[in-house]
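Trainee: When you get a sec, could you give me coordinates for this:
(one chain, ligands or ions: 1)
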Amino acid sequence: MNKFISIKTSMPGPKSKKIDEKRSKYVPSILGSLSPCYIDSGKGALIKDVDGNTFIDFTGGWGCLIVGHAHPRIVNAVKDQAEKYLHTDFTAVPYEPFVQLASRLSIFAPGKSEKKVAFFNCGAEAVENAVKIARGYTKRKAVVVFEGAFHGRTLLTMTMTHQAIPYKCNFGPFAPGIYRVPYPTDYHPSIKIEDFESKLLSYIDPKEIAAFVIEPIQGEGGFRVPSDGFLEELKRISEKYNILFVADEIQSGMGRTGKMFAIENWGIEPDIICAGKSIAAGLPLSAVIAKKEIIDSLPNNSIGGTYVGNPVACRAGIEVLNIIQDEKLLERAKYLGEKIRKRFLKMRDKHEIIGDVRGIGAMMAMEFVKNRETRAPASEETSRIVKECLSHGLLVAGAGINHNVIRMLLPLVITDEQLDEGLDVLENAVAKVNGGRS
Ligand SMILES: Cc1ncc(COP(=O)(O)O)c(C=O)c1O
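Mentor: Residues are numbered from 1 along each chain as shown. The predicted structure is shown next:
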């Protein structure tokens, strides 16, 4: 018996259907949605649709809602700011929320070096600018990225992203100077860590490399956690050849792993961190947090943009940091993660289709396989699990180059009861699809 989920209509219901008719006329079909139902309102980890159905949301706007839907402190900060001023452009008339959020984020960033913060509008823009800063500082052109990476959809970040379909189909030619190397994980050990340096040197002269850009835990790639020692080895190589270490924390940052930034789990201080998604509770904001001497080496006005660091988004960002501290969301991420891990491992004992359970903190995932020996991806089955969840009122996110991973992007403010109810739906869906396997 569900306490939170309530599905009263066909899916989609009549009101959603009506909006959808207009959508099919005016919105390009390439912009698909996971849910066929249109949202009316959200609260914490719950979404109510326009037909009155209630869903548990494990997608959190693809990882933007660590503090949940419509947190009252975010709503108040946004309202208050909107009544004062919406926009000036910081380079025309500066405002304090920009400076305040920059100072707070620079203090949260790991390591002893002094940091400075530049704001942008989305994750891809932050990564683009991190690369510009790295190239500008090192005067080198090459950028090394990793198998399974996702960095965005602009020309440069699409090039840096691994997956060809759908992200790159017929969208080339791609940006030059990007080199892709293996990203070893325990479940997919693509290279021995001790062989990594020689493999890298076989591709490119390290004196030409401006930066390694790496997700400390891959997001879209399926919450892949690098094998023990890999990030440390990368840091060692980056110091040996004066290559900048750029951590793309757009998905893994802002507390999801139980640390403010995932890279802290390895005790590494990156030269540059890219943050986004949950940074401003769903408002468009991203940040590049860089060592002071690196970012201050660039000429004035060489980075920026009309809307970057919008005051409403900065106010929301400050409140996100306050909520993380006051509601102890880092501890909550660890607690939720342990609960999820235990449940996923129990599920793996029962359901052959689950090949791997992995993650750090609340950044947990399951990889689905056709066969535990071969680890062949169960892609079609994973998509059936996601659909099955949806039809029972749970929004859950798929991931992975082979589309065979389900990842937890839930708001950290989710209650224990809501989490349990959502996990029950997920387990039933896995059982149904696993049972129906040939
Ligand atoms: C690690 C990572 N980098 C960059 C991006 C791109 O962010 P955006 O979609 O905000 O441009 C994403 C988005 O999923 C991401 O997960």
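Trainee: For the stretch 101-250 of the chain, which residues are neighbours of the ligand?
Mentor: Cys122, Gly123, Ala124, Val127, Phe150, His151, Gly152, Glu215, Gly219, Glu220, Asp248, Ile250 (CB under 6 Å from any ligand atom). In this view, the C-beta of every residue, glycine as well, is placed from N, C-alpha and C.
Trainee: which SS class is Asn265?
Mentor: helix (DSSP: H, G, I helix; E, B strand; the rest coil).
Trainee: and what of the one 4 residues further on?
Mentor: Reducing the assignment to helix, strand or coil with three-state DSSP, the entry for Glu269 is coil.
Trainee: That one and Glu197, how far apart?
Mentor: Glu269 sits 21 Å away from Glu197, going by CB to CB, to the nearest Å.
Trainee: still on that earlier bit, hmm, which two among the residues of the stretch 101-250 of the chain next to the ligand are most spread apart?
Mentor: Maximum pairwise distance among those (CB to CB): 15.9 Å, between Cys122 and Glu215.
Trainee: More neighbours: which of those two?
Mentor: Each of Cys122 and Glu215 has its neighbours counted (other CB atoms under 10 Å); Glu215 has more, 28 against 18.
Trainee: my read: the more buried one touches Glu147, true?
Mentor: No: with contacts counted by CB atoms under 8 Å, Glu215 stays clear of Glu147, the gap being 11.4 Å.
Trainee: Among the residues of the stretch 101-250 of the chain next to the ligand, which ones are in helices?
Mentor: Gly123, Ala124, Val127 (DSSP state H).
Trainee: Out of those residues, grab the one that's most surrounded.
Mentor: Val127 (30 neighbours).
Trainee: any idea how far that residue is from Pro270?
Mentor: 13 Å.
Trainee: Point out the residues in the stretch 251-400 of the chain that sit beside the ligand.
Mentor: So far as CB under 6 Å from any ligand atom goes, the stretch 251-400 of the chain lies against the ligand at Gln251, Gly276.
Trainee: State which one residue of the stretch 251-400 of the chain is found closest to the ligand.
Mentor: Gln251 (3.6 Å; CB to the nearest ligand atom).
Trainee: List phi and psi for that residue.
Mentor: Main-chain dihedrals, Gln251, degrees, to the nearest 10: phi -100, psi -30.
Trainee: Let me see the contact set for the closest residue to the ligand within the chain.
Mentor: Across the chain, no residue is closer to the ligand than Gly123, which sits at 2.1 Å (CB to the nearest ligand atom). Gly123 makes contact with His151, Gly152, Asp248, Ile250, Gln251, Cys274, Gly276, Lys277, Ser286, according to CB atoms under 8 Å, 6 or more residues apart in numbering.
Trainee: got it, and Gln81?
Mentor: Pro97, Pro311, Val312, Arg315.
Trainee: Might one say that the second one is in contact with Val99?
Mentor: No: using CB under 8 Å as the test, Pro311 is too far from Val99 to be in contact (11.0 Å).
Trainee: Looking at those two, which one has more neighbours?
Mentor: Higher neighbour count among Pro311 and Val99: Pro311, with 20 against 14, using other CB under 10 Å.
Trainee: now Leu336, what's its secondary structure?
Mentor: helix.
Trainee: Quick one: residues contacting it.
Mentor: Contacts of Leu336 (CB under 8 Å, 6+ apart): Gly361, Ala362, Leu410, Leu412, Ile414, Leu419.
Trainee: please redo it, this time with the cut-off set to 6 Å
Mentor: Ala362 (CB atoms under 6 Å, 6 or more residues apart in numbering).
Trainee: Ile243 too?
Mentor: Ile209, Phe212.
Trainee: Low-confidence ranges, the chain, go.
Mentor: 436-438 (pLDDT under 70).
Trainee: quick one: the residue lying closest to Gly219 once chain neighbours are set aside from Asp49, how far?
Mentor: Nearest residue to Gly219 in three dimensions, chain neighbours excluded: Gln251, at 3.1 Å (CB to CB, 6 or more residues apart in numbering). Note on Gln251: its distance to Asp49, by CB to CB, is 26 Å.
Trainee: more crowded one of the two?
Mentor: The residue with more neighbours, out of Gln251 and Asp49, is Gln251; 29 against 23, by other CB under 10 Å.
Trainee: Domain ranges for this structure, per the record?
Mentor: Annotated domains of the chain cover 14-57+329-435, 73-326 [automatic domain parsing].
Trainee: Tell me which residue is most central in the protein.
Mentor: By CA atoms, centre = their mean, the chain has its centre lying nearest to Gln251, at 2.0 Å.
Trainee: How many residues are close by the residue nearest to Lys339 when sequence neighbours are not counted?
Mentor: Counting by CB to CB, 6+ apart, the nearest residue to Lys339 once its immediate chain neighbours are dropped is Leu419, at 6.6 Å. Look at Leu419: counted by other CB under 10 Å, it has 20 neighbours.
Trainee: same deal with the one 4 residues further on?
Mentor: Neighbour count of Leu423, defined by other CB under 10 Å: 19.
Trainee: I'd guessed the residue nearest to the centre of the chain sits against Gly61; true?
Mentor: No: with contacts counted by CB atoms under 6 Å, Gln251 stays clear of Gly61, the gap being 11.9 Å.
Trainee: Could I get the CA-only coordinates of the helix or strand where Asp20 lies as PDB?
Mentor: Element membership for Asp20 (DSSP states H and E) is helix 14-26. Taking C-alpha atoms only, helix 14-26 is exported to PDB below (Å, rounded to 0.1, in the frame of the first residue of the first chain):
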ATOM      1  CA  PRO A  14      -6.300  13.900 -19.800                       C
ATOM      2  CA  LYS A  15      -4.700  17.300 -18.900                       C
ATOM      3  CA  SER A  16      -1.200  16.100 -19.700                       C
ATOM      4  CA  LYS A  17      -2.500  14.600 -23.000                       C
ATOM      5  CA  LYS A  18      -3.900  18.000 -23.900                       C
ATOM      6  CA  ILE A  19      -0.600  19.800 -23.300                       C
ATOM      7  CA  ASP A  20       1.100  17.100 -25.200                       C
ATOM      8  CA  GLU A  21      -1.000  17.700 -28.300                       C
ATOM      9  CA  LYS A  22       0.200  21.300 -28.400                       C
ATOM     10  CA  ARG A  23       3.800  20.100 -27.700                       C
ATOM     11  CA  SER A  24       3.900  17.800 -30.600                       C
ATOM     12  CA  LYS A  25       3.000  20.700 -32.900                       C
ATOM     13  CA  TYR A  26       5.400  23.300 -31.500                       C
END
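Trainee: Much appreciated, bye for now.
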